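Enquirer: Task: produce atomic coordinates for the following.
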Amino acid sequence: MKVIVSTVSNRTKVNGEVTRYEEQIALSAYPGINTITPEQLEAFGRMLKALGVKAITKLEVEA
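Expert: Have a look, this model is predicted:
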């Protein structure tokens, strides 16, 4: 199982310029396990927050 999110974030460069980033980030189940655990989802959310993600524009789940 894999979860793919398309995100939007703003990052400030050293010179103060703000740049908008759009990227895709994926979370995959552990090898040999077909599900993503609640702990993995929680950690994934914390990572997105730490990256400065402002919005999730698309969410895809692949079995």
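
Enquirer: C-alpha only now, for contacts and for neighbours.
Expert: Fine.

Enquirer: Need the residues that contact stretch 26-35.
Expert: Stretch 26-35 is contacted by residues M1, K2, V3, I4, V5, I36, T37, F44, A63 when judged by C-alpha atoms under 8 Å, 6 or more residues apart in numbering.

Enquirer: do the same with stretch 14-24
Expert: Contacts of stretch 14-24 (C-alpha under 8 Å, 6+ apart): I4, V5, S6, T7, V8, S9, N10, R11, T12, K13.

Enquirer: Just want the phi and psi numbers for L48.
Expert: Backbone geometry at L48, expressed as degrees, to the nearest 10, gives phi -60, psi -40.

Enquirer: when you give positions from now on, start the count at 836
Expert: Happy to do that; since the first residue is 836 now, the last one works out to L883.

Enquirer: Quick check, pLDDT for the most far-flung residue of the chain relative to its centre.
Expert: For the chain, the largest distance from the centre (C-alpha atoms, centre = their mean) belongs to N850, which lies 26.3 Å off. Looking at N850, its pLDDT stands at 88.

Enquirer: Could you do the one 5 residues further on as well?
Expert: Looking at R855, its pLDDT stands at 85.

Enquirer: does it belong to a helix or a strand, and which?
Expert: strand 853-863 (DSSP states H and E).
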